[in-house]
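1. coords below, sequence missing:
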């Protein structure tokens, strides 16, 4: 059975995406899943820091330059059932990565001998991030309660929809879609409306692709919550996305703000290892159990959902 590919993205940096990626990986490993974490942040890979690991001379660049197979780049961690692949650290010399390379990378992730491969994407909606987001079996979107993060998350979803539509549209058709969206933005209209219906009315096209998107909900995680309004943010975003974008969003949980998180990062030790019995650890456990139980075509047994003590 091939590995499931999960991706973790965010509309902007600084919302705790890499912290969430590493914590989900650690939690899944405690749920008896073999997990491979892959750092795909092309502008500032630092997953190794959250895991308390040192840089090595092997990283993801070696796969994209053709010098190594992906499996040759896997490195162990100090956590049972958890391995990782170091991201680009020499980002000043990045070469362009083609669409074919992105797809080959995703397929290589699936052929690894792990239950789940978690890809920690870079922040933002670059086309490489969008292609991996489209190809994934599970899509996790991390947002924090700051207005800039919320706004960027909505733009991220728009970019994902447009990227998904581009593949099946002619250049002329896709240009009409882009122009329709720009026109809507320039009008600065208020209130909720159907994203799909607006595009249809403005361009004359039918968008059956929305039906496909609706079969695979995006999983929303709200990080660094401090108050009741923060805790309710996930439900509000879910409601807006259902009404505005016509695609389902599954709000899977919130993670409390905890000083222990940044303290553990400074100490280069995962907080779930340094303090495994905190509310944050319990929240990640609840989220991961939900993700495992609701994954499509999943063969996880009830016994596999029991945490390893």
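-> All right, it came through fine. Predicted model, so just to flag it, every value in this text is computed and none were measured. Numbers count the residues shown, from 1 in each chain.
2. in the stretch 151-300 of the chain, which spans are helices?
-> 171-187, 195-203, 209-214, 228-244, 259-266, 271-274, 279-294 (DSSP state H, counting those that start in this stretch).
3. Dump those into a markdown table; add mean neighbour count, mean pLDDT and distance to residue 101 as well.
-> Glycine gets a C-beta too; all of them are placed from N, C-alpha and C. Formatted as a markdown table, these follow (neighbours: other CB atoms under 10 Å; pLDDT from 0 to 100; distance: least, CB to CB, whole Å):
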| stretch | mean neighbour count | mean pLDDT | distance to residue 101 |
| --- | --- | --- | --- |
| helix 171-187 | 13 | 77 | 22 |
| helix 195-203 | 17 | 72 | 30 |
| helix 209-214 | 15 | 63 | 24 |
| helix 228-244 | 16 | 90 | 31 |
| helix 259-266 | 15 | 80 | 31 |
| helix 271-274 | 20 | 88 | 33 |
| helix 279-294 | 18 | 95 | 28 |
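4. Dump those helices into a markdown table; add distance to residue 30 as well.
-> Formatted as a markdown table, the helices of the stretch 151-300 of the chain follow (distance: least, CB to CB, whole Å):
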| stretch | distance to residue 30 |
| --- | --- |
| helix 171-187 | 43 |
| helix 195-203 | 39 |
| helix 209-214 | 32 |
| helix 228-244 | 24 |
| helix 259-266 | 17 |
| helix 271-274 | 8 |
| helix 279-294 | 8 |
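5. Isn't residue 88 up against residue 61?
-> Yes. With contact defined as CB atoms under 8 Å, residue 88 counts as touching residue 61 (5.3 Å).
6. For the helix or strand harbouring residue 48, which outside residues touch it?
-> Under DSSP states H and E, the secondary-structure element containing residue 48 is helix 47-50. Contacts with helix 47-50, where a contact means CB atoms under 8 Å, 6 or more residues apart in numbering, come from 18-19, 21-22, 37, 39, 41, 54-55, 84, 86-87, 120, 265, 268, 270.
7. Pass me the low-pLDDT residue ranges in this protein, would you?
-> The model of the chain has pLDDT under 70 over residues 1, 90-95, 185, 187-194, 205-214, 296-309.
8. Run through the strands of the stretch 1-150 of the chain in chain order.
-> 4-10, 35-40, 75-76, 82-85, 116-121, 138-143 (DSSP state E, counting those that start in this stretch).
9. Looking at those, which is nearest to residue 67?
-> Residue 67 lies closest to strand 82-85 among the strands of the stretch 1-150 of the chain, at 14.2 Å (CB to CB).
10. Off-centre distance for that closest one?
-> 17 Å (CA atoms, centre = their mean, to the nearest Å).
11. Tell me the strands beside that strand, with direction?
-> strand 35-40 (parallel), strand 75-76 (antiparallel) (DSSP bridges).
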